[in-house]
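Peer 1: model this:
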Amino acid sequence: MGRKLVAVILSITMLACFSLTGCSKGGTTADGQEVKIIRVAFNQNEQHPQYLAMKELGEKFEQATNGRYQMVIYPNGVLGEQGSMAEFIRTGALDMAIVPCSVPEGYDSDFAIVGAPYLYEDMDHLRRATESGVFSDLFKSTRKYNFEVLTIYTAGERNIYADKPINTPDDLKGMIVRVNDSTTYLNMVKYMGGVGTAMSQSEVYTALQQGVIDAGENSERVYTDFKHYEVAKYYSYTKHIVHPDVVIASTNFLDEMSESDREIFNQLVLDSTNYEFDAFAKSVQEGKEEAEAHGAVFVYPDVSAFREKCMPLLESIANQSEMTKTIYDKVEALRKGE
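Peer 2: Here you go, the predicted structure:
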């Protein structure tokens, strides 16, 4: 039986348990109050900064509510692929999940602006945009779909790596660059000067080794974890994407909280956001040092040349609606220190 089929059967079994047998209730506290189990889906492992941030959020919320809330995180994608998570949350089969921006974008195209190419300078710029409430109205707008976006967790900056340095858009001319299966990403590489091709992450190492593709693009953490430095020595900081994932939650779960519990929860979500950004920055530095120890060379091109090439794409996303225009203007103001 294939792994994918096993995962599907497991997710169906677990979700049936959640929805039909009341698995969301976890007994009672020492003083006799009912315990609510917060069920969270996540597709990475238990060492990932996003998992660690969510785990800390759960532990602190459990402590703050004297055990009335307890969190259970299902990592490693055991509940299925990320695109399904919003539907599970909408029906109440799950309470929370950490997913790519493409998941809420499937319900509202305005979410394309959140992860748009060259919108942010770096992870700190994305953090400031998140903390300042730039996305608040957009995030709350999904309540009509029975879920709410709570915050952003970063997945790092995506940069290009190849067997040569990439210092200018001209260096990408004719190069085939692997990207996620996204029209925006494919167009982005075209504007940057290369040729984008969609491919599974698991295939990138062999494709680079055999010359099927000329370059990959991802964070230092992915570059190191998949040992891509062995087949693509030069990692160039094109900073084309500062990657935002989002934490989503069921409105059923949120609305069941008392006002005081929700206030505590909201603050802990903000705290977890800071924790996650710091943890990811540390993880990136560790990954970079490991790659350098194996001979990787890190290159620092003039990012503005690439950003200028991609401005037509960024502007087309920014001008999609009044909501996206407002978000773009606010993020630009933060870039300029306003």
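
Peer 1: look up which residues are beta-bridged to the residue positioned nearest the centre of the chain.
Peer 2: Centroid check for the chain by CA atoms, centre = their mean gives Asp245 as the closest residue, at 2.1 Å. According to DSSP bridges, Pro100, Tyr153 are recorded as the beta-bridge partners of Asp245.

Peer 1: ok, now Glu217?
Peer 2: Ile160.

Peer 1: alpha carbons of stretch 68-81, as PDB, please.
Peer 2: Provided in PDB are the C-alpha atoms of stretch 68-81 (Å, rounded to 0.1, in the frame of the first residue of the first chain):
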ATOM      1  CA  ARG A  68      -8.900  24.000  30.100                       C
ATOM      2  CA  TYR A  69      -7.300  24.000  26.700                       C
ATOM      3  CA  GLN A  70      -4.700  21.500  25.500                       C
ATOM      4  CA  MET A  71      -3.100  21.400  22.100                       C
ATOM      5  CA  VAL A  72      -2.400  18.400  20.000                       C
ATOM      6  CA  ILE A  73      -0.300  19.000  16.900                       C
ATOM      7  CA  TYR A  74      -0.300  16.400  14.000                       C
ATOM      8  CA  PRO A  75       3.000  17.000  12.200                       C
ATOM      9  CA  ASN A  76       4.600  15.500   9.100                       C
ATOM     10  CA  GLY A  77       1.400  15.800   7.000                       C
ATOM     11  CA  VAL A  78      -0.200  12.800   8.600                       C
ATOM     12  CA  LEU A  79      -3.700  14.400   8.100                       C
ATOM     13  CA  GLY A  80      -3.200  14.900   4.400                       C
ATOM     14  CA  GLU A  81      -2.100  17.500   2.000                       C
END
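
Peer 1: show the average pLDDT along that stretch.
Peer 2: In this model, stretch 68-81 has a mean pLDDT of 93.

Peer 1: and the contacts of it?
Peer 2: Stretch 68-81 has contacts (CB atoms under 8 Å, 6 or more residues apart in numbering) with 7-8, 10-11, 14-15, 26, 29, 33-46, 48, 51, 54-55, 57-59, 61-62, 85, 88, 94, 261. Where you see a C-beta, it was placed from the backbone N, CA and C, and this is true even at glycine.

Peer 1: one more: stretch 331-338?
Peer 2: 119-121, 125, 128-129, 132, 134.

Peer 1: in helices, which of those residues appear?
Peer 2: 125, 128-129 (DSSP state H).

Peer 1: of those, grab the buried ones for ChimeraX.
Peer 2: Here is the ChimeraX command that picks out the buried ones among these, judged by 16 or more other CB atoms under 10 Å:
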select :129
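
Peer 1: tell me the one of the ones in helices among the contacts of stretch 331-338 nearest Gln285?
Peer 2: Nearest to Gln285 among the ones in helices among the contacts of stretch 331-338 is His125, at 17.9 Å by CB to CB.

Peer 1: now Leu138: how far from Ser321?
Peer 2: From Leu138 across to Ser321, the span is 10 Å (CB to CB, to the nearest Å).
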